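Trainee: return atomic coordinates for the entry below.
(one chain, ligands or ions: 1)
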Amino acid sequence: MELKANPNNNPDKLHRIIIKHPALTDGKVKSVYDVDAHRVMIKYRDEVTAFDGKKKSTPETKGRICCLISELLFTYLEKQGIKTHYIDCPSLDTMLCRKLTIVPIEVIVRNIAAGSIVKNTTLTEGTVISPPLVEYFLKDDSKGDPLLTQDRIRLMGIDPEPMYHIAKDVNLHLQEMFSQLDLDVVDFKLEFGYDADGELYVADEISPDSMRLWGKKDGRSNDKDIFRKYGSDEALIAAYGDILKGLRQLAV
Ligand code: 5GP
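Mentor: Just a heads-up that it's a prediction; the model follows:
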């Protein structure tokens with residue numbers, strides 16, 4: 001599959017930003033670079049990690065594929081009236097985004113039981129969760145990302161309500177989009193941030209790295225569980241590539 005960047009952008013300028021400025025933060029699979037008072041550049045690296053970084057690999061083209069999938073999903077959500085940090089994709093693996101103060105909470109939406117909810121409750125894998133469940137986890141690896149209550153979030157000085165409503169809306173839109181690709185949105189993670197004017201935006205990335213997508217017909221994983229369970233770079237890239245191809249066809 002051919003991976004094409006936005007032809008209006010200038011990779012040389014982008015290269016200068018990345019060379020000149022040290023990364024503000026180096027996450028597990030993305031690096032964030034300062035651009036100016038209002039913008040950052042996020043580089044998606046060819047890396048995949050699982051189990052709090054204990055399992056790692058460097059699948060070629062993964063950064064580009066996740067960046068381009070995130071671009072399509074952010075653009076789609078923006079069209080549905082959801083504010084996201086996405087501004088532009090100046091190259092295949094870099095995203096120009098609004099500079100935000102990131103809320104230290106991972107917001108998870110679940111439509112079908114899988115992963116930690118199966119591990120930590122009596123629910124069995126595959127149980128349909130209706131209405132969808134919105135959960136909050138502290139974004140702090142050193143504390144093991146514990147599950148939060150809405151009251152604890154308020155004690156932290158954060159209002160969970162706006163994130164709750166946006167997460168529910170995003171879920172409806174993602175379900176609509178992925179059902180056209182014959183995929184069930186099992187669960188996904190969102191991050192949020194506030195800009196200097198106090199506006200709330202969906203931040204980080206939305207890609208198969210942060211979602212579970214099961215085939216409607218065969219129930220097979222089309223997401224990072226391929227790496228978590230089987231550790232196969234090739235199968236991971238093939239599944240992510242198919243999603244990018246499918247989303248591109250829908251976007252046309
Ligand atoms: P679980 O709570 O089952 O581990 O995860 C629920 C969903 O959120 C899954 O789709 C998983 O990929 C995503 N998720 C949870 N924590 C993280 C994280 O730290 N990083 C990413 N990329 N996704 C996460």
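Trainee: residues near the one residue in the chain that gets nearest to the ligand, how many?
Mentor: Proximity of the chain to the ligand (Cβ to the nearest ligand atom) peaks at residue 115, 2.1 Å away. Backbone N, C-alpha and C define where each C-beta goes, glycine included. Neighbouring residues of residue 115 were enumerated by other Cβ atoms under 10 Å; the total is 15.
Trainee: residue contacts, it?
Mentor: Counting by Cβ atoms under 8 Å, 6 or more residues apart in numbering, residue 115 touches 187, 212.
Trainee: do you know how far it is from residue 135?
Mentor: According to Cβ to Cβ, to the nearest Å, residue 115 and residue 135 sit 11 Å apart.
Trainee: for the stretch 151-252 of the chain, which segments count as helices?
Mentor: For the stretch 151-252 of the chain, the helices defined by DSSP state H, counting those that start in this stretch occupy 161-179, 225-230, 233-251.
Trainee: show me which residues of the stretch 101-250 of the chain are close to the ligand?
Mentor: Residues of the stretch 101-250 of the chain lying near the ligand by Cβ under 6 Å from any ligand atom: 106, 108, 115-116, 187-189, 209-212, 224.
Trainee: make it 8 Å
Mentor: By Cβ under 8 Å from any ligand atom, the part of the stretch 101-250 of the chain that sits against the ligand consists of 106, 108, 110, 114-119, 135, 137, 139, 145, 186-189, 204-205, 209-212, 223-225.
Trainee: return the set of buried residues in stretch 85-93.
Mentor: Within stretch 85-93, the residues scored as buried using 16 or more other Cβ atoms under 10 Å are 85-87, 89-93.
Trainee: what two of those residues are the furthest from one another?
Mentor: With distances taken as Cβ to Cβ, the most widely separated pair in the buried residues of stretch 85-93 is 85 and 92, at 18.7 Å.
Trainee: residues contacting the residue nearest to the spatial centre of the chain?
Mentor: Residue closest to the average C-alpha location in the chain (Cα atoms, centre = their mean): residue 206, at 2.6 Å. Residues counted as contacts of residue 206 (Cβ under 8 Å, 6+ apart) are 69-70, 73-74, 77, 170, 174, 188, 190.
Trainee: swap the cut-off to 7 Å and go again
Mentor: By Cβ atoms under 7 Å, 6 or more residues apart in numbering, the residues touching residue 206 are 70, 73-74, 188.
Trainee: tell me the phi and psi of it?
Mentor: The phi/psi pair for residue 206 (degrees, to the nearest 10) reads phi -130, psi 110.
Trainee: against residue 72, how distant is it?
Mentor: 9 Å.
Trainee: next one: residue 194
Mentor: Applying Cβ to Cβ to residue 194 and residue 72 gives a distance of 25 Å.
Trainee: residue 48 is nearest to which of the helices of the stretch 151-252 of the chain?
Mentor: Between the helices of the stretch 151-252 of the chain, helix 225-230 lies closest to residue 48; by Cβ to Cβ that is 5.2 Å.
Trainee: what comes up buried for that closest one?
Mentor: Of all the residues in helix 225-230, those buried under the rule 16+ other Cβ under 10 Å are 225-228.
Trainee: ok so, going back, okay, the helices of the stretch 151-252 of the chain in TSV with distance to residue 47 and mean pLDDT next?
Mentor: Below are the helices of the stretch 151-252 of the chain laid out as TSV (distance: least, Cβ to Cβ, whole Å; pLDDT from 0 to 100):
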stretch	distance to residue 47	mean pLDDT
helix 161-179	24	98
helix 225-230	11	94
helix 233-251	11	96
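Trainee: make JSON lines out of the ones you listed and add distance to residue 216.
Mentor: Supplementary listing: these in JSON lines, determined by distance: least, Cβ to Cβ, whole Å:
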{"stretch": "helix 161-179", "distance to residue 216": "8"}
{"stretch": "helix 225-230", "distance to residue 216": "16"}
{"stretch": "helix 233-251", "distance to residue 216": "13"}
